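Asks: Sequence plus the predicted model coming up.
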Amino acid sequence: QVQFVESGGGLVHPGGSLRLSCSGSGEDLRGYSIGWFRQAPGQEREGVACISSFDRKTYYADSVKDRFTISSAGAKNTVYLQMNNLKDEDTAVYLCGAGLCSGSPRVYEYDYWGQGIQVTVSS
């Protein structure tokens with residue numbers, strides 16, 4: 001069973017950048033489609049981006065398109081989320097999971113969640 005650990009979060013000013021890492025163990029991540037999600041206090045978990053295990057295509061939520069980039073480093077068994085031009089509304093706990101990726105990721109299609117990492121965007 002695959003297990004995930006997220007890292008790279010923290011506090012950043014609006015307009016700044018962070019790169020999150022989703023490190024997998026237990027199985028080769030190249031066999032899984034991986035998605036990034038986020039959950040702000042009092043809000044439902046929402047999909048951010050995903051990368052398909054089949055053709056390595058990537059999909060994004062409209063709110064992060066052109067600002068966030070998902071990529072994978074197969075040899076390191078890690079999937080990254082590069083976040084640029086961060087906004088206050090990007091503040092949330094970010095989590096990765098394994099599931100389906102044929103469009104903007106949907107929570108109910110994912111499993112094997114990591115613990116999550118806090119990202120705070122504030123001046």
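Replies: Now that the structure is in, tell me what you want to look at.
Asks: OK, contacts around residue 76?
Replies: Neighbouring residues of residue 76 by CB atoms under 8 Å, 6 or more residues apart in numbering: residue 23. All C-beta spots, glycine's among them, are computed from the backbone N, C-alpha and C.
Asks: That one and residue 21, how far apart?
Replies: For residue 76, the distance to residue 21 (CB to CB, to the nearest Å) stands at 9 Å.
Asks: Nearest to the spatial middle of the protein, which residue is it?
Replies: Nearest residue to the geometric centre of the chain (CA atoms, centre = their mean): residue 36, 2.3 Å.
Asks: any idea how far residue 116 is from that one?
Replies: From residue 36 over to residue 116 the distance is 11 Å, taken as CB to CB.
Asks: Quickly list what's touching both of those two.
Replies: In contact with both residue 36 and residue 116: 94, 95, using CB under 8 Å, 6+ apart.
Asks: For the chain, name the helix or strand with the lowest mean pLDDT.
Replies: For the chain, counting by mean pLDDT, DSSP states H and E, strand 110-111 ranks last in confidence among helices and strands (a mean of 90).
Asks: ok, it: who's next to it in the sheet?
Replies: According to DSSP bridges, strand 110-111 has the following sheet partners: strand 92-99 (antiparallel).
Asks: which residues touch the least confident helix or strand of the chain?
Replies: By CB under 8 Å, 6+ apart, the surrounding residues in contact with strand 110-111 are 35, 37, 97, 98, 99, 100.
Asks: Mind listing what's buried along the helix or strand containing the second one?
Replies: Right, the one you point to is residue 37. In this assignment (DSSP states H and E), residue 37 forms part of strand 33-39. Within strand 33-39, the residues scored as buried using 16 or more other CB atoms under 10 Å are 33, 34, 35, 36, 37, 38.
Asks: What of stretch 12-22?
Replies: Under 16+ other CB under 10 Å, the buried positions of stretch 12-22 are 12, 18, 20, 21, 22.
Asks: so the second one touches residue 9, yeah?
Replies: To tie it back to what came earlier, the one meant is residue 18. Yes. Contact criterion CB atoms under 8 Å: residue 18 and residue 9 qualify, at 6.8 Å.
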